[in-house]
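Q: what follows is a protein structure lacking sequence information:
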């Protein structure tokens, strides 16, 4: 059917071209419909035809642009013969420019009587007729442009995403931070635990890695006397895909020289409540059927206490941890059974994390799983670090930055020796050398922007908030 429609539209294009009509027009100056008053002349706007209703010798059309939809009224005696010729060959999906007079219909709907018509782009393919009835939901992600045309709710989500990023910049700029940018291709993968994407530079004859995180480069800037910095960055991890994970994603990372983990908690709380007020005008969110109260101050729970409440009183007792995992029906691989932290992580994700609905800082983590964080002065086995959970989602990670080059080098070596299957794991000697010149004590924070957008727009999947998520090729 669609091929037949396309054939018909190609025939219309040939007819239009034969009459000298440019079917893919030029620039067109618009006026904002919201500013138009009744009785104005020379009203100009443009948009995509979404609906057509014929009434004898006249027609009503709905056209839609980025600001919304408006009705236009077309009478054959109000336009030229050539414009009438064009009108008769229009289809739903075509983009047109119109000029005319504003009036209200008997039902009070704002409408434009068309005096002049310009064809700006002829659509060859028909728009979906029953978009919400599509059984294959992945087509919405594969053809996001159609999703945005047909679904106003989707467009609103992405408008909010754009605004969230704008407001993040507004908040940080007004707080004395400056925005910087760092490399996306790294000679050594680092800054987080993840498998990297590998590429190759022909001229330099060397492997490069798409960045897992910008952390180590941003902290080099701390060494270079940049004190309050942030980057809204695209990062890449060559790992699984899930409702919470996409191979490329957007992060906010910020660093504050002479600060610490406590300062990062305060900034995180202020930033997210600021965004909630800006986007939703409230501290109360509805997320996947649950009400979330973002009102500060936010709850704080020590990492060990969270496990204690889940029935693990001694997290260092590997046998007890493995037994608890078995009791909870958690499947563990041989690697999980060999590393108590892998087992603990799976228990946390199943038993603890889903209960963290209102904002909760889980803080003071073991040093073994926090190689870039500064140890607690009261307990050298733990570090000054927190992770923030909202609505059962991990949203942020932060810590007091380790600035001791000798200790950092020791931890890097320990991680390399421990990594059995990760060939890319190596020590970033250049970063260690930078620390040897002296990095001030600092607090660092990373926030997953995609997950934050999910929360603020009540989206169940990361694919709903990324314009073009990565999908497996269709056969």
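A: Alright, I've got the coordinates. Computed from a predicted structure; not experimentally measured.
Q: so where's the stretch 101-250 of the chain shaky on pLDDT?
A: 130-136 (pLDDT under 70).
Q: switch to 80 and redo it
A: Residues of the stretch 101-250 of the chain meeting the criterion pLDDT under 80: 129-138.
Q: now do the strands in it.
A: 110-121, 178-179, 185-186, 198-201, 206-210, 228-236, 248-257 (DSSP state E, counting those that start in this stretch).
Q: what would these look like in JSON lines with distance to residue 277 and mean neighbour count?
A: Where C-beta positions appear, they are placed from N, C-alpha and C, glycine not excepted. JSON lines is the format used below for the strands of the stretch 101-250 of the chain (distance: least, CB to CB, whole Å; neighbours: other CB atoms under 10 Å):
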{"stretch": "strand 110-121", "distance to residue 277": "32", "mean neighbour count": "18"}
{"stretch": "strand 178-179", "distance to residue 277": "22", "mean neighbour count": "12"}
{"stretch": "strand 185-186", "distance to residue 277": "37", "mean neighbour count": "16"}
{"stretch": "strand 198-201", "distance to residue 277": "42", "mean neighbour count": "11"}
{"stretch": "strand 206-210", "distance to residue 277": "35", "mean neighbour count": "17"}
{"stretch": "strand 228-236", "distance to residue 277": "20", "mean neighbour count": "19"}
{"stretch": "strand 248-257", "distance to residue 277": "18", "mean neighbour count": "22"}
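Q: in CSV: those, plus distance to residue 441.
A: As requested, these are exported to CSV (distance: least, CB to CB, whole Å):
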stretch, distance to residue 441
strand 110-121, 57
strand 178-179, 19
strand 185-186, 25
strand 198-201, 34
strand 206-210, 29
strand 228-236, 14
strand 248-257, 8
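Q: ok, which of the ones you listed comes nearest residue 148?
A: strand 110-121 (15.7 Å; CB to CB).
Q: and that closest one, what does it pack against?
A: Strand 110-121 sits against strand 43-55, strand 68-75, helix 81-87, strand 95-104, with contacts defined as 3 or more CB pairs under 8 Å, 6 or more residues apart in numbering; DSSP states H and E.
Q: pick the most deeply packed of these.
A: Among the helices and strands packed on strand 110-121, strand 95-104 has the highest mean neighbour count (mean count of other CB atoms under 10 Å), at a mean of 19.
Q: quick one: residues in contact with that strand.
A: Residues from elsewhere that reach strand 95-104, judged by CB atoms under 8 Å, 6 or more residues apart in numbering: 25, 28, 30, 36-49, 63, 72-73, 78, 90, 110-121, 123.
Q: quick one on the thing from earlier: got TSV for the helices and strands packed on strand 110-121, with distance to residue 213 too?
A: Output for these, formatted as TSV (distance: least, CB to CB, whole Å):
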stretch	distance to residue 213
strand 43-55	40
strand 68-75	39
helix 81-87	54
strand 95-104	41
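Q: do you know which of these lies nearest residue 238?
A: strand 43-55 (38.2 Å).
Q: and that closest one, which strands flank it?
A: Strand 43-55 has the following strand partners under DSSP bridges: strand 58-65 (antiparallel), strand 95-104 (antiparallel).
Q: nearest to residue 176, of the helices and strands packed on strand 110-121?
A: That would be strand 68-75 among the helices and strands packed on strand 110-121, by CB to CB, at 37.9 Å.
Q: got the angle for the closest one vs strand 95-104?
A: Using axes from the mean of the first three to the mean of the last three CA atoms, to 10 degrees, the inter-axis angle of strand 68-75 relative to strand 95-104 is 80 degrees.
Q: so residue 302 makes contact with residue 361?
A: No. Counting by CB atoms under 8 Å, residue 302 does not reach residue 361; the two are 9.6 Å apart.
Q: settle it for me: which of these two has more neighbours?
A: More crowded of residue 302 and residue 361, by other CB atoms under 10 Å: residue 361, with 23 against 15.
Q: what's next to the helix or strand encompassing that one, contact-wise?
A: Residue 361 belongs to strand 360-366 when assigned by DSSP states H and E. With CB under 8 Å, 6+ apart as the contact definition, strand 360-366 has outside contacts at 261, 265, 298-304, 306, 315, 341, 356, 373, 376, 379, 381-390.
Q: mind jotting down where the strands sit in the stretch 301-450 of the chain?
A: Under DSSP E, counting those that start in this stretch, the stretch 301-450 of the chain gives strands at 360-366, 382-390, 393-400, 442-448.
Q: and the last one, what does it pack onto?
A: Yep, that's strand 442-448 we're talking about. helix 215-223, strand 248-257, helix 261-280, strand 393-400.
Q: go with 10 Å
A: Under the contact criterion of 3 or more CB pairs under 10 Å, 6 or more residues apart in numbering; DSSP states H and E, strand 442-448 touches helix 215-223, strand 228-236, strand 248-257, helix 261-280, strand 382-390, strand 393-400.
Q: most tightly packed of the ones you listed?
A: Mean neighbour counts for the helices and strands packed on strand 442-448 (mean count of other CB under 10 Å) peak at strand 382-390, with a mean of 24.
Q: quick check: angle from that strand to strand 442-448?
A: 30 degrees.
Q: packing partners for strand 382-390?
A: helix 261-280, strand 299-302, helix 303-309, strand 360-366, strand 393-400, strand 442-448, helix 449-457.
Q: how big is the angle separating it from strand 393-400?
A: Going by the same axes, to 10 degrees, strand 382-390 makes 150 degrees with strand 393-400.
Q: quick revisit: among the strands paired with strand 43-55, which is nearest residue 455?
A: strand 58-65 (28.6 Å).
Q: list the buried residues of the closest one.
A: 59-64 (16 or more other CB atoms under 10 Å).
Q: surely residue 226 meets residue 257?
A: Yes. Judged on CB atoms under 10 Å, residue 226 makes contact with residue 257 at a distance of 7.9 Å.
Q: got the angle for the longest helix anywhere in the chain vs strand 248-257?
A: Ranked by residue count under DSSP state H, the longest helix found in the chain is helix 152-174. With the same axes, to 10 degrees defining the directions, helix 152-174 sits at 20 degrees from strand 248-257.
Q: 83 is where my numbering starts, stick with that
A: OK, 83 is where the count begins now, so the last one is helix 234-256.
Q: now the end-to-end length of stretch 210-225.
A: 11 Å (CA to CA, to the nearest Å).
Q: what about the closest residue to residue 224 other than its chain neighbours, how many neighbours?
A: Closest residue to residue 224 apart from its sequence neighbours, by CB to CB, 6 or more residues apart in numbering: residue 553 at 6.0 Å. Residue 553 is flanked by 12 other residues according to other CB under 10 Å.
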